[in-house]
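[1] Next one to model:
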Amino acid sequence: MDRNDYKLTAPELLRNFLVYHETIQGHSKKTVDEYYLDLRNFFRYIKLEKGRVPRDTPLDQIEIDDLDLDLARSVNLSDVYSYMSYLSRDRAKHANSPTSGYGLEPSARARKIAAIRSFYKYLSSKAKLLGENPMQDLDSPRLKKALPRFLSLDESIQLLEAVDEPNQVRDYCILTLFLNCGLRISELVGLNLQDVRQEQLRVLGKGNKERMIFLNEACRAALDDWLEERSHQAAADKNALFLTRSHTRMTTAAVHYMVKQRLLKAGLDPSLYSSHKLRHTAATLMLQNGVDVRTLQEVLGHENLNTT
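    Predicted coordinates:
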């Protein structure tokens, strides 16, 4: 049995919350799995601190299959801040490698806070199991704000001009879409042939939210060239827009690797840039060329304008 599969191992109270996020909220399996691991570790700590298990029990060996509403209700803000202190001081940065050092970064702790806050919001607002939300005033760790890294226009052109064989037509098309449309990598690998609709591209974003993106001449020309080549290839997935050399749908790992290799070939530092940095590049170039923030929000598929 997979010890990290919430459907098999999570107690009912937690499993119902995770099912809600996966089915109603439309969160990805990866996001839901991370919520499970974060909440499992949190309630292990709570059980230890509240004397539900012997004090010398290793945290990773504590079972939470007896998690019930009484235990969840007993948690207060002080408990959560105590847990955050533990994470910042005593938690190994990599669970399977204590030699890597101790203390999680603020960004990692913020993700765990988000999981806890979301769980208690569900218990109080959706499941109606709690009369009030004890985590309503829960603060997140202060994060260092840095401007996103992006390629300049000249560097973007440099990247495109360096694309050569093998897979020249496909990779040029992918990079052109990243740089002009600001797609997420998950959105790009999920594209199907029928999503290309003349001058528009249908994109399925986070939470299964659909949006239409206008294709400029560069994108349309790159897609036409790729679709012509694609039409002569056998395909294990007949719907997939982008295929690997083995004729299967491209994966996020394959696209990540391709982007890094193309950056290296173009003389750009692949340790500084990634497919997501190409999304930042698209957004920045649009702003520099007069696209207003509201329109950019729609193009990027952001639910919140502050994110944009």
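[2] quick one: low-confidence ranges for the stretch 101-250 of the chain?
    101-103, 141-147 (pLDDT under 70).
[3] ranges for the helices of it?
    106-121, 153-161, 168-181, 185-189, 217-230 (DSSP state H, counting those that start in this stretch).
[4] so residue 234 sits right up against residue 247, yeah?
    Yes: using CB atoms under 8 Å, residue 234 is in contact with residue 247, at 5.2 Å. In short, each C-beta sits where N, CA and C put it, glycine included.
[5] Between those two, tell me which one has more neighbours.
    residue 247 (13 against 8; other CB atoms under 10 Å).
[6] Please report the distance of the more buried one from residue 236.
    Look at residue 247 and residue 236: by CB to CB, to the nearest Å, they are 5 Å apart.
[7] With residue 140 instead?
    43 Å.
[8] Those two: which has the busier surroundings?
    Between residue 140 and residue 236, residue 140 has the larger neighbour count (other CB under 10 Å), namely 15 against 11.
[9] That one reaches residue 108, doesn't it?
    No: with contacts counted by CB under 8 Å, residue 140 stays clear of residue 108, the gap being 11.6 Å.
[10] relative to its centroid, which residue of the chain is most remote?
    residue 54 (36.8 Å; CA atoms, centre = their mean).
[11] Assign that one to helix, strand or coil.
    coil (DSSP: H, G, I helix; E, B strand; the rest coil).
[12] Got the confidence number for it?
    We have a pLDDT of 93 for residue 54.
[13] Next, count neighbours for residue 185.
    Residue 185: 21 neighbours (other CB under 10 Å).
[14] how far away is it from residue 281?
    Residue 185 is 14 Å from residue 281, by CB to CB.
[15] Please give the number of neighbouring residues around residue 138.
    There are 16 residues near residue 138, going by other CB under 10 Å.
[16] shouldn't it be in contact with residue 115?
    No: using CB under 8 Å, residue 138 makes no contact with residue 115, being 11.2 Å away.
[17] Quick one: residues contacting residue 294.
    residue 305 (CB atoms under 8 Å, 6 or more residues apart in numbering).
[18] likewise the one 5 residues further on?
    Under the criterion of CB under 8 Å, 6+ apart, the neighbours of residue 299 are 181-182, 211, 213, 286, 291.
[19] Is there a quick ChimeraX command that grabs whichever of those are buried?
    Filtering the contacts of residue 299 down to the buried ones (16 or more other CB atoms under 10 Å) takes a single ChimeraX command:
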select :181,182,213,286
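[20] any chance of the contacts of residue 299 in CSV, with distance to residue 175 too?
    CSV is the format used below for the contacts of residue 299 (distance: CB to CB, whole Å):
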residue, distance to residue 175
181, 11
182, 13
211, 21
213, 16
286, 16
291, 20
